[in-house]
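Asks: here is a sequence with its predicted model. Questions after.
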Amino acid sequence: MTAMENATRDGFSFDPGTTVMPVKCAGLVKVSFLLKLFAKGIEGVLVLGCHEGDCHYYNGSERCGQIVEETREILGLAGIPARRLGFSLIADSQGKELKRAVTGFGKQFKTVSRKKAIRRKSTAKGPAKSSSKKSTARSRRGVRARNK
């Protein structure tokens, strides 16, 4: 049973608008794929992989860590904060840890969205526009992302 299956069995559910996109191995996620998510306006992406040594594929988590770091460097050059791309290693049995990683990563965007709404409300003459909460996510070995 995967960490995602363990978490959902224990009652965890994703925020509305979050989509899970499972992959066989987090090491298969490409820099270009992550950059395309941000180019589409995704607020954040959380990549989840196996613990070192637990990968069913050869060094997938290590490869994924390198991919995430390379992508963060490119995002920095584009003026996008590196914290918008998260990376965490989760074992199959760690449903609670998956819940902590996902909710902790998502909190930063709820705060940003509230600040944007307050700023819009104080500067706009009319009512503040609501922001879309469409998002994309990957499971235990995957990616999580939120649109603006």
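Replies: That came in fine, so what should we check first?

Asks: what does the pLDDT read for the residue nearest to the spatial centre of the chain?
Replies: With distances taken as Cα atoms, centre = their mean, the residue of the chain nearest its centroid is residue 46 (2.1 Å). On pLDDT, residue 46 comes in at 89.

Asks: quick check: it is in a strand.
Replies: Yes: assessed by DSSP: H, G, I helix; E, B strand; the rest coil, residue 46 belongs to a strand.

Asks: let the chain start at 47 from now.
Replies: Yep, numbering from 47; the last one is residue 92 now.

Asks: verify the stated contact: it with residue 134.
Replies: Yes: the criterion here is Cβ atoms under 8 Å, and residue 92 meets it with residue 134 at 6.9 Å. All C-beta atoms are positioned from the backbone trio N, CA, C, and that covers glycine.

Asks: so what's the residue nearest to the centre of the chain bridging to?
Replies: residue 132, residue 190 (DSSP bridges).

Asks: look up how far residue 102 lies from the closest residue to residue 130 other than its chain neighbours.
Replies: Distance criterion Cβ to Cβ, 6 or more residues apart in numbering; nearest residue to residue 130, sequence neighbours excluded, is residue 90 at 4.4 Å. Look at residue 90 and residue 102: by Cβ to Cβ, to the nearest Å, they are 27 Å apart.

Asks: over to residue 50?
Replies: Taking Cβ to Cβ, one finds residue 50 at 15 Å from residue 102.

Asks: between these two, who's got more neighbours?
Replies: residue 50 (25 against 10; other Cβ atoms under 10 Å).

Asks: picking up where we left off before, now do the shared contacts for residue 92 and residue 134.
Replies: 147, 151 (Cβ atoms under 8 Å, 6 or more residues apart in numbering).

Asks: and residue 95, backbone torsions?
Replies: Main-chain torsions, residue 95, degrees, to the nearest 10: phi -140, psi 180.

Asks: doesn't residue 89 belong to a helix?
Replies: No: Residue 89 is assigned strand when assessed by three-state DSSP, not a helix.

Asks: all good on my end, thank you.
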